[in-house]
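Mind looking at a prediction? Sequence and model below.
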Amino acid sequence: MICFIALIVFGIMGIFSATHRKIALEAFDCVFRKLTLRKCTTGLDTRIKSSITGKFLRKNPQTGKLIYKHFEIISWGFTILLIASMVWTGISGYNYYVYGNCNGPSVEDQGGLCLFDPTGSNSEITKCEDDNLETENSEPTIENVDLSLFPVYQPKESQDSLVYVGCYTCINTRKVNPTINELVITNKETLEFTFVHLPLHKEYEYISKLENCLYSESKTAFWKFHNALMQMPIADLDNQDNVYSVLDKIEEIDKEKIIFCSQTIQAEELLEKQISEIKKMNVEGTPTIFVNDQVFIGPKPLRVYEKQLSTDIDWFGYGLLGLGALILLTMIYFAVFKRE
């Protein structure tokens, strides 16, 4: 099956050379005939065999004879290797398109090497430095987690769920936040959105308390506060006064009332309950995002999250199936009706 290798090699070279383009067309004709159980009529396979073995015969007759005798087996071996590498590349490409990594849907797969994401930026997380929350070698989950303790956006008709675990001082959360906002806005009629603030450092726990008080006072005020903090420079969050100043810009709430609420025993107790539930999630860092039953580690492209929604139509997958069916039908047609 040396013509198959020739088709790939000369097909690439044919982009730049008319001579190689002609050979690539011959190789295509030969491969297509072989696949449809017909004899190759171009003689390309014979010419390639003669050219390769001839070079070996001139330099090392014994090796040349061995290659000539077993040329078909050798060419099949290289063809199988080439096809296997192409299949692996195709699977990797599909995984990257659907899951944002080359290896598959599991958390362990998401951290592996990926040709399409060589820097690994799609799987970067900001690790948790609070020993109280730190977990390792455990699959993140929201099973048996009481999500009712966290702020949630409820659509008119809930068809999908998104649980977004992030922190305001984490660069990787900042990277994915515009994507999450776009996803929620686009699917606001059907997507239930829960935000879980993971305070990676204990000194930022006061933000969670402020959020909880805001959410109980006004859901609209909470989301305004949430978006404002995500846009604020990370260094400014080190100063509590900067965070409190955001409350001044939210008209529908009383700043002093919210601050007082965040310093009460009730606020501390609610935070402790939230942290207890976060521990059950087995989250190692942020962002960790659950879309329905699929978990994603690190900032992924928008299409990756959209693919997990029930409202998404997998045109890419249908296109591949359609193309495969067309190729198969064409091969059957030529194999049965065009035997010449």
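That came through, no problem. Numbering: from 1, shown residues only.

Where does Leu162 sit: helix, strand or coil?
Look at Leu162: counting by DSSP: H, G, I helix; E, B strand; the rest coil, its state is strand.

Can you give me the distance of the nearest residue to Ile125 once chain neighbours are set aside to Phe71?
If you skip the residues right next to it in sequence, Ile125 has Gly285 as its closest partner in space, 3.6 Å away by CB to CB, 6 or more residues apart in numbering. Using the backbone N, CA and C atoms, a C-beta is placed for each residue, glycine as well. Applying CB to CB, to the nearest Å, the value for Gly285 to Phe71 is 55 Å.

Would you mind telling me which of the two has more residues around it?
Comparing Gly285 with Phe71 by other CB atoms under 10 Å, the one with more neighbours is Gly285, at 24 against 17.

in the sheet, who's paired with that one?
For Gly285, the beta-bridge assignment (DSSP bridges) gives partners Lys127.

State the distance from it to Trp76.
As it turns out, when the distance is counted by CB to CB, Gly285 lies 48 Å from Trp76.

Repeat that for Leu115.
Using CB to CB, we find Leu115 at a distance of 26 Å from Trp76.

With neighbour numbers in mind, choose between those two.
For the pair Leu115 and Trp76, the greater number of neighbours falls to Trp76 (14 against 10), based on other CB under 10 Å.

Three-state assignment for that one, please.
When the rule is three-state DSSP, Trp76 gets the label helix.

residues contacting Asp248?
For Asp248, the contacting residues are Lys255, by CB atoms under 8 Å, 6 or more residues apart in numbering.

Show me which positions of stretch 202-216 end up buried.
Buried residues in stretch 202-216, counted by 16 or more other CB atoms under 10 Å: 204-215.

Over to stretch 217-235?
Across stretch 217-235, burial judged by 16+ other CB under 10 Å covers 217, 221-226, 228-229, 232.

Burial check on Ile275, number of neighbours?
By the other CB under 10 Å criterion, the neighbourhood of Ile275 contains 17 residues.

Distance check, it against Ser208.
Computed with CB to CB, the distance linking Ile275 and Ser208 is 9 Å.

go on, Phe28?
Relative to Ser208, Phe28 is positioned 62 Å away (CB to CB).

what's near enough to touch the residue nearest the centre of the chain?
Most central in the chain under CA atoms, centre = their mean is Gly100, positioned 1.3 Å from the mean C-alpha point. The neighbours of Gly100, taking CB under 8 Å, 6+ apart as the test, are 110, 117, 122-123, 296, 298, 300-301, 304.

Please, which helix or strand holds Ile48?
Secondary-structure element containing Ile48, defined by DSSP states H and E: helix 44-59.

What is that helix packed up against?
Contacting helix 44-59 under the criterion 3 or more CB pairs under 8 Å, 6 or more residues apart in numbering; DSSP states H and E are the following elements: helix 2-13, helix 18-35, helix 61-69, helix 71-99.

now for the helix or strand that the last one is followed by, which elements pack on it?
Of the helices and strands lying after helix 71-99 in sequence (DSSP H and E), the nearest is helix 107-110. Contacts of helix 107-110 with other secondary structure elements, assessed using 3+ CB pairs under 8 Å, 6+ apart, are made with helix 71-99, strand 294-297.

One more pass at 7 Å, please.
Contact partners of helix 107-110 among helices and strands, from 3 or more CB pairs under 7 Å, 6 or more residues apart in numbering; DSSP states H and E: strand 294-297.

mind saving the C-alpha coords of the helix or strand just after the strand it packs on as CSV?
For strand 294-297, the following helix or strand on the C-terminal side (DSSP H and E) is helix 302-306. The C-alpha coordinates for helix 302-306 follow below in CSV (Å, rounded to 0.1, in the frame of the first residue of the first chain):
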residue,chain,number,x,y,z
LEU,A,302,-16.6,28.9,24.9
ARG,A,303,-17.4,26.1,22.4
VAL,A,304,-16.3,23.5,24.9
TYR,A,305,-18.9,24.6,27.5
GLU,A,306,-21.6,25.0,24.8
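
Please renumber the chain so that the first residue is 434 from this point on.
Will do, 434 is the new start, and the previous item becomes helix 735-739.

list the buried ones in helix 735-739?
Along helix 735-739, the positions that meet the burial threshold by neighbour count (16+ other CB under 10 Å) are 737-739.

Report the mean per-residue pLDDT for that helix.
Mean pLDDT, helix 735-739: 94.

tell me the SS of Lys657?
Remark: Lys657 carries the secondary structure label helix [criterion: three-state DSSP].

The closest residue to it other than its chain neighbours in helix, strand or coil?
In this structure, Lys657 finds its nearest non-sequential neighbour in Ile683, 5.3 Å apart by CB to CB, 6+ apart. Classification of Ile683 by three-state DSSP places it in coil.

Surely Ile683 is in contact with Ala654?
Yes. Taking contact to mean CB atoms under 7 Å, the distance of 5.0 Å between Ile683 and Ala654 places them in contact.

start to end distance for stretch 571-585?
25 Å (CA to CA, to the nearest Å).

and that stretch, which residues are buried?
Neighbour-count burial for stretch 571-585, counted by 16+ other CB under 10 Å, picks out 573, 575, 578, 580, 582-585.

Now for the nearest residue to Arg454 once chain neighbours are set aside: which residues touch it?
Of all residues beyond its chain neighbours, the one nearest Arg454 is Gly447 (3.5 Å), with distances taken as CB to CB, 6+ apart. Gly447 makes contacts with 453-454, 457, as judged by CB atoms under 7 Å, 6 or more residues apart in numbering.

Right, I'll call it a day here.
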